[in-house]
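Participant: pasted the sequence and its predicted model underneath.
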Amino acid sequence: MNALLKRLALGAAILALVFPATLSAQASPRTISTQELTQTKNGAKDWVTHGGAMNNQRYSSLDQINTSNVSQLRGMWMTRLASGLGGKYRFEADPLVVDGVMYIPTGNDDIFALDAKTGKKLWEWQSDIPQNMDLICCGWDNRGVAVGDGRVYSGLLDGSFVALDQQTGRLLWRTQLEDYHDGYSLTGAYRYYDGLVFTGISGGEEAARGRLTALDAKTGAVVWIFYTIPGPGEPFSDTWPSANDPDPQIANAWKWGGATIWQAPAIDPDLGMLYFSTGNASPNSGGDIRKGDNLFSASIVALDYRTGQYRWHFQEVHHDLWDFDAPSPVVLFDQMYNGEMRKGLYQAGKTGWLYFLDRSTGQPLIGIDEKPVDQEARQYTSPTQPYPVGDSFIYQCPDAVPGFVRSGCIFAAFWDIATLTRPTGHGGSEWSPTTYDPQTGFAYVMGSEQTSASAMRPAPYIHGKSYSRGGS
């Protein structure tokens, strides 16, 4: 996989039989409006927003490529971007396509506009991010820009957010959201809608406090912020230790509690709601200093997209010890249940389950039972965990490995003795998105099965350093 990523980082390539004649670059690109985003339900010759549409379904209505001719696919062009070269970079971005112009970032946050028919560079914008940032988790990455109202929007690894002119790539505004010296970065894909651009923030392994931010698309001014870790006295703050605890590492656990956001939120314009899922609680494996369920970590959250006001949440993993964050994007769909059309949402978790919810209320569409789980008093383990009714998409118990005396299936508790577990923080569904077919009602998920050994190792919080109390 690393070799493949390195090859991808050398250039952007297109595989196709024949491009439609309409896919030719235009001097004046079409402006993506809120009305078009509202009306777009699936991708087609254009891919105007992350996931193809604001529902994140990643379904395309194009049918030129099918089972009868897929074997005839061949390379049409390759363009060397000369950006994001080296082992620290990743190339995981979804390209957007508007009237034959492709917009794509690299792991160095350089942004390119290409003619999708020929691969010719139409413009490029080179970021000025520092090359010595040492608190970027999981590779230098940018999972995709947003386009709307004549601008291209993107977050940067240094904690800033930019808007570029869609036609020329000229920088229009730049807003500094956080300081990368404090462990914050922007790596997720972004979403534009109704004059706002939405971004999560990364850094859960670097003692960050997660949040979703809405910015004014014209000016870059911050319109609202929703913190995924509530502060003292705020609703659900009782799921974290008391801010009056005599131990400062425990009292301040909420300040660096994680629950970061790795993906572009989904939006339902009819309900006026925005949806996203969150990362693990921090410090990873260190349940001993953050007693409680630790909301809104490892959760699905719904907000009013205009104001950022809380609407509902569903927590997939209470008091996470296993790095069971939820980085794969949520998907919106409509489906019949017991003869009634319901507004649904699902998220594929690292646990190996899909969580199907009513996106109006957050209540399960298919049963989800709270079941007792393995306990370790020193880790303040939750007495129960949610178990969705139905099948998991991976096997949830580890294979035997010589030399390990402890092992357990999903939610196996651990302390200082290495314990074999499955799934792990790299199992289930990682950041990789899923696909929903509205014609069949099928969801397509890529699952990873790994066995790891987990153990707790006490470590203090040190500003500017990665923050963990153990791991796999």
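Facilitator: In hand now; what should we look at? Numbering: from 1, shown residues only.

Participant: distance of the residue lying closest to T106 once chain neighbours are set aside from A443?
Facilitator: Nearest residue to T106 in three dimensions, chain neighbours excluded: G84, at 3.6 Å (C-beta to C-beta, 6 or more residues apart in numbering). Where C-beta positions appear, they are placed from N, C-alpha and C, glycine not excepted. According to C-beta to C-beta, to the nearest Å, G84 and A443 sit 31 Å apart.

Participant: more neighbours: the two, which one.
Facilitator: The neighbour comparison of G84 against A443 (other C-beta atoms under 10 Å) goes to G84, with 24 against 17.

Participant: contacts only, for that one.
Facilitator: Contact criterion C-beta atoms under 8 Å, 6 or more residues apart in numbering gives 9, 90-91, 106-108, 110, 140 as the residues in contact with G84.

Participant: of those, closest to R80?
Facilitator: Of all the contacts of G84, R80 sits closest to A9, with 10.1 Å by C-beta to C-beta.

Participant: before we move on, the earlier item: in the contacts of G84, find the pair that's most separated.
Facilitator: In terms of C-beta to C-beta, the contacts of G84 reach their longest pairwise distance at R90 and D110, which sit 13.5 Å apart.

Participant: just for this protein, where's the confidence low?
Facilitator: 1-27, 471-472 (pLDDT under 70).

Participant: ok, now with 50
Facilitator: When the per-residue scores of the chain are filtered using pLDDT under 50, the ranges that remain are 1-26.

Participant: so where do the helices sit in it?
Facilitator: Defined through DSSP state H, the helices belonging to the chain, from first to last, are 2-9, 34-39, 248-251.

Participant: surely S285 meets F324?
Facilitator: No. With contact defined as C-beta atoms under 8 Å, S285 and F324 do not form a contacting pair (11.4 Å).

Participant: could you check how far the closest residue to G200 other than its chain neighbours is from W140?
Facilitator: Setting aside the residues directly before and after it, G200 is nearest to I261 in space (C-beta to C-beta, 6+ apart), at 2.5 Å. Taking C-beta to C-beta as the criterion, I261 is separated from W140 by 18 Å.

Participant: of the two, which one has the most company?
Facilitator: Between I261 and W140, counted using other C-beta under 10 Å, the more crowded position is I261 (29 against 23).

Participant: now do the same contact list for that one.
Facilitator: 188, 200-202, 210-212, 228, 276-279 are the contacts of I261 under C-beta under 8 Å, 6+ apart.

Participant: let's see it at 7 Å
Facilitator: With contacts defined as C-beta atoms under 7 Å, 6 or more residues apart in numbering, I261 is in contact with 188, 200-201, 210, 212, 228, 276, 278.

Participant: G148: how many residues sit nearby?
Facilitator: Based on other C-beta under 10 Å, the number of other residues close to G148 is 25.

Participant: do the same with R80
Facilitator: Count around R80 with other C-beta under 10 Å applied: 11.

Participant: then the one 3 residues further on?
Facilitator: For S83, the number of neighbouring residues by other C-beta under 10 Å comes to 21.

Participant: ok, it to L157 distance?
Facilitator: For S83, the distance to L157 (C-beta to C-beta) stands at 13 Å.

Participant: what do you get for L303?
Facilitator: Distance from L303 to L157, by C-beta to C-beta: 25 Å.

Participant: kindly report the same for T49.
Facilitator: Shown here: T49 relative to L157, a distance of 22 Å by C-beta to C-beta.

Participant: those two: which is more packed in?
Facilitator: Between T49 and L157, T49 has the larger neighbour count (other C-beta under 10 Å), namely 30 against 23.

Participant: send the alpha carbons of stretch 364-375 over as PDB?
Facilitator: As requested, the backbone C-alpha atoms of stretch 364-375 are provided in PDB (Å, rounded to 0.1, in the frame of the first residue of the first chain):
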ATOM      1  CA  PRO A 364     -32.000   3.400  15.900                       C
ATOM      2  CA  LEU A 365     -33.700   2.200  12.700                       C
ATOM      3  CA  ILE A 366     -32.600  -1.300  13.500                       C
ATOM      4  CA  GLY A 367     -32.200  -2.400  17.000                       C
ATOM      5  CA  ILE A 368     -29.100  -1.500  19.000                       C
ATOM      6  CA  ASP A 369     -28.800  -3.300  22.400                       C
ATOM      7  CA  GLU A 370     -26.700  -2.200  25.400                       C
ATOM      8  CA  LYS A 371     -24.900  -5.400  26.500                       C
ATOM      9  CA  PRO A 372     -22.500  -6.000  29.500                       C
ATOM     10  CA  VAL A 373     -18.900  -6.100  28.600                       C
ATOM     11  CA  ASP A 374     -15.500  -7.000  30.100                       C
ATOM     12  CA  GLN A 375     -14.500  -4.900  33.100                       C
END
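
Participant: list the buried residues in the top strand by length along the chain.
Facilitator: Criterion DSSP state E: the longest strand present in the chain is strand 340-348. When neighbours are counted by 16 or more other C-beta atoms under 10 Å, the buried residues of strand 340-348 are found to be 342-348.

Participant: ditto for stretch 83-97
Facilitator: Of the residues in stretch 83-97, those with enough neighbours to count as buried (16+ other C-beta under 10 Å) are 83-84, 89-97.

Participant: now the two most distant members of those residues.
Facilitator: Taking C-beta to C-beta, the two most distant members of the buried residues of stretch 83-97 are Y89 and V97; they sit 22.9 Å apart.

Participant: now T31, nearest residue through space, not along the chain?
Facilitator: Nearest in space to T31, with sequence neighbours left out and distances taken as C-beta to C-beta, 6+ apart, is G150 at 4.8 Å.

Participant: burial count for that neighbour?
Facilitator: Summarising burial for G150: neighbours were counted as other C-beta under 10 Å, giving 18.

Participant: doesn't S33 make contact with it?
Facilitator: No. Here G150 lies out of contact with S33, judged by C-beta atoms under 7 Å, at a distance of 9.7 Å.

Participant: hey, what's in contact with both of these two?
Facilitator: Shared contacts of G150 and S33, counting by C-beta under 7 Å, 6+ apart, come down to nothing at all.

Participant: and the longest strand of the chain, what does it pack onto?
Facilitator: Secondary structure elements in contact with strand 340-348, counted by 3 or more C-beta pairs under 7 Å, 6 or more residues apart in numbering; DSSP states H and E, are strand 331-337, strand 354-358.

Participant: for the last one, buried residues please.
Facilitator: To tie it back to what came earlier, the one meant is strand 354-358. In strand 354-358, counting by 16+ other C-beta under 10 Å, buried: 354-357.

Participant: again, but for the first one
Facilitator: Of all the residues in strand 331-337, those buried under the rule 16+ other C-beta under 10 Å are 331-333.

Participant: what angle do that strand and strand 340-348 make?
Facilitator: With axes from the mean of the first three to the mean of the last three C-alpha atoms, to 10 degrees applied, the angle from strand 331-337 to strand 340-348 works out at 140 degrees.

Participant: start at 531 instead
Facilitator: Sure, I'll start counting at 531 from here, so that last one is strand 861-867.

Participant: mind saving the C-alpha coords of strand 861-867 as CSV?
Facilitator: Output of strand 861-867 as CSV, limited to C-alpha atoms (Å, rounded to 0.1, in the frame of the first residue of the first chain):
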residue,chain,number,x,y,z
VAL,A,861,-24.1,8.6,4.9
LEU,A,862,-27.7,9.8,4.5
PHE,A,863,-30.4,7.7,2.8
ASP,A,864,-34.1,7.2,2.5
GLN,A,865,-35.5,3.7,2.9
MET,A,866,-38.7,1.8,3.7
TYR,A,867,-38.9,0.3,7.2
